[in-house]
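Student: Sequence below, structure please.
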Amino acid sequence: AATDVVRRVRLIGIGGPSCAGKSELAKNLAAQLGSPTQPISLDGYFRPERMPVDPRFGQNWETPQGLDFEAMKKDLRSLVGLLKSAPTMPSRLIGAPKRAGGEVREEWKGRELQHSTEFSVVAEGFLLFHDAELASMFDTTMWISVDCDTCCKRRNRRDAPHVPHEKFKEWYEGLVWAHFEMYRDLQLANAPEALQLNGTDAAEILMQRALSFCSASA
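Tutor: Predicted structure coming up:
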């Protein structure tokens, strides 16, 4: 019976600092691997009411206190359970908030799932490996490293092109990057086998290395 089918579902996690290129790699990798869902972003699990207030910069979005790791783990477990045994792919998934991504791709909605199918699901986030239990759920992990100045310029262009770079840099270095460095070692310790990627490499190079790593660790 279809309900007796158990497929392999591989969770792939991508970590690294803000504006390292995690979202782009996750999107490209999910498409290339034929994932039935869009990538799942840790950003969708922000809990602003839990966030501390920085005396200099205000509400602090850069800490683990402001993220609902338990909800993300619950949603990933639910998704894995569904993909392992569902006879058909639902048109929508219940659980993750809309901003977290994870929507079912159009071409997969309502599709009958073959018994032998293996699935990959990609997730990304700047503190994705901070929670040890969440980090351990990923079968394949990747870490994108980029220098502070490059990330700062990218974030400035993306989120606040109207803000002079020196002013933006003061905020980015003082809050965003300072907290990234604060939690970096713990994240890397929780994902010791992560593929190390250089976020200043071309997108095609990152994709090639990521795909090769996924194939080798399959």
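Student: contacts and neighbour counts: CA atoms only from here.
Tutor: OK.
Student: Give me the most central residue, the chain.
Tutor: residue 124 (0.7 Å; C-alpha atoms, centre = their mean).
Student: any idea how far that residue is from residue 151?
Tutor: Distance, residue 124 to residue 151, by C-alpha to C-alpha, to the nearest Å: 16 Å.
Student: Could you pull up the mean pLDDT of stretch 57-67?
Tutor: When pLDDT is averaged over stretch 57-67, the result is 96.
Student: mind checking how far it is from the chain centre?
Tutor: 18 Å (C-alpha atoms, centre = their mean, to the nearest Å).
Student: List of residues touching that stretch?
Tutor: Defining contact as C-alpha atoms under 8 Å, 6 or more residues apart in numbering, one finds that stretch 57-67 is touched by 42, 45-54, 127, 130, 171, 175-176, 179-180.
Student: which parts of stretch 68-87 are buried?
Tutor: Using 16 or more other C-alpha atoms under 10 Å as the test for burial, stretch 68-87 gives 68-69, 72-73, 75-76, 78-80, 82-87.
Student: List only buried entries from the contacts of stretch 57-67.
Tutor: By 16+ other C-alpha under 10 Å, those give 42, 45, 46, 50, 51, 127, 130, 171, 175, 176, 179, 180 as buried.
Student: helices or strands up against the top helix by length along the chain?
Tutor: Ranked by residue count and defined by DSSP state H, the top helix of the chain is helix 69-85. Here helix 69-85 touches strand 9-15, going by 3 or more C-alpha pairs under 8 Å, 6 or more residues apart in numbering; DSSP states H and E.
Student: Mind doing that once more with 10 Å?
Tutor: Secondary-structure packing of helix 69-85 (3 or more C-alpha pairs under 10 Å, 6 or more residues apart in numbering; DSSP states H and E): strand 9-15, strand 40-41, strand 119-125, helix 132-136.
Student: got the angle for it vs strand 119-125?
Tutor: Counting by axes from the mean of the first three to the mean of the last three C-alpha atoms, to 10 degrees, helix 69-85 lies at 170 degrees to strand 119-125.
Student: circling back to that earlier point, I'd like the helices and strands packed on helix 69-85 as TSV, with distance to residue 157 and mean pLDDT appended.
Tutor: Shown next, in TSV, are those (distance: least, C-alpha to C-alpha, whole Å; pLDDT from 0 to 100):
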stretch	distance to residue 157	mean pLDDT
strand 9-15	21	97
strand 40-41	21	94
strand 119-125	20	95
helix 132-136	30	98
